[in-house]
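Engineer: Take a look and give me a structure for this.
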Amino acid sequence: MGGTMINSASAYFAEMQRAAAGMDQRAIERYADVLFAAWQRDATVHIFGNGGSHANASHTVADFVKTAMVDGKRRLRALCMSDNLPMLTAVGNDLSYADSFAFQLESYARTGDVAVAISCSGNSPNIMKAVDAAKKMGLTVVGLTGLKGGKLGPASDIHINVPSENFGVIEDLHMSVGHIAAQMFHNRLKGS
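Structural biologist: I've put the predicted structure just below:
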């Protein structure tokens, strides 16, 4: 794990509270709006990240598809690109790891889809290559970052930054963003 390390529970929770207070809540609202608009046009939401951000991406897909569902309504089509291990390893071995997500977007995404890139640093080469591909294909890019946002921040249509240097806190709050967006999307879906 990179970034700062904390030596007590109280310090960790204090850093989490400080970072949460510095987040742009309007950007999270816009994220939920983008999800609802994607659902309305039957678009796909492609979510991806590395390491702990992969775990958050996978969990977030489960929340967007299952937890946010409303009986009698079509479900949101959301996929975690880092869950396809055969594809990740084939592309990583035969092409390069930097191509791991861009290759999948170029294979599966369509204009009007949404790409959700999760990266604590905002500088992962495979994330940035996928974001470049997404923008060329006409996808809306939602970027979840930490630190100062890295390259992903300014490349995103919607940037949700956790202003912390503690990667645990960043990942915890990225997971919270997924939960918040799923619940707001559910309420938009229920009211439609």
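Engineer: CA atoms for contacts and neighbours, from now on please.
Structural biologist: Will do.
Engineer: And the helices in the chain, which stretches?
Structural biologist: 9-21, 25-40, 52-62, 85-94, 100-108, 125-137, 152-155, 167-190 (DSSP state H).
Engineer: tell me the pLDDT at the nearest residue to residue 67 once chain neighbours are set aside?
Structural biologist: If you skip the residues right next to it in sequence, residue 67 has residue 182 as its closest partner in space, 7.3 Å away by CA to CA, 6 or more residues apart in numbering. Reported pLDDT at residue 182 in the predicted model: 98.
Engineer: just to revisit the earlier point, of the helices of the chain, which is nearest residue 79?
Structural biologist: helix 52-62 (6.2 Å; CA to CA).
Engineer: That closest one vs helix 167-190, what angle?
Structural biologist: Counting by axes from the mean of the first three to the mean of the last three CA atoms, to 10 degrees, helix 52-62 lies at 20 degrees to helix 167-190.
Engineer: The helices of the chain into CSV, with extra columns for mean neighbour count and distance to residue 114?
Structural biologist: Shown next, in CSV, are the helices of the chain (neighbours: other CA atoms under 10 Å; distance: least, CA to CA, whole Å):
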stretch, mean neighbour count, distance to residue 114
helix 9-21, 15, 25
helix 25-40, 19, 7
helix 52-62, 21, 13
helix 85-94, 14, 20
helix 100-108, 19, 10
helix 125-137, 20, 8
helix 152-155, 20, 14
helix 167-190, 21, 14
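Engineer: which one of those lies closest to residue 74?
Structural biologist: Going by CA to CA, the one of these nearest residue 74 is helix 25-40, 8.2 Å.
Engineer: tell me what that closest one is packed against?
Structural biologist: Applying 3 or more CA pairs under 8 Å, 6 or more residues apart in numbering; DSSP states H and E, one finds that helix 25-40 contacts strand 44-49, strand 158-161, helix 167-190.
Engineer: try it again with 6 Å
Structural biologist: helix 167-190 (3 or more CA pairs under 6 Å, 6 or more residues apart in numbering; DSSP states H and E).
Engineer: Okay, angle between the helix it packs on and helix 25-40 too, please.
Structural biologist: 50 degrees.
Engineer: Can I get the helices of the chain in TSV including distance to residue 79?
Structural biologist: Below are these laid out as TSV (distance: least, CA to CA, whole Å):
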stretch	distance to residue 79
helix 9-21	27
helix 25-40	13
helix 52-62	6
helix 85-94	13
helix 100-108	10
helix 125-137	15
helix 152-155	20
helix 167-190	14
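Engineer: between these, which gets nearest to residue 117?
Structural biologist: Of those, nearest to residue 117 by CA to CA is helix 125-137, at 6.5 Å.
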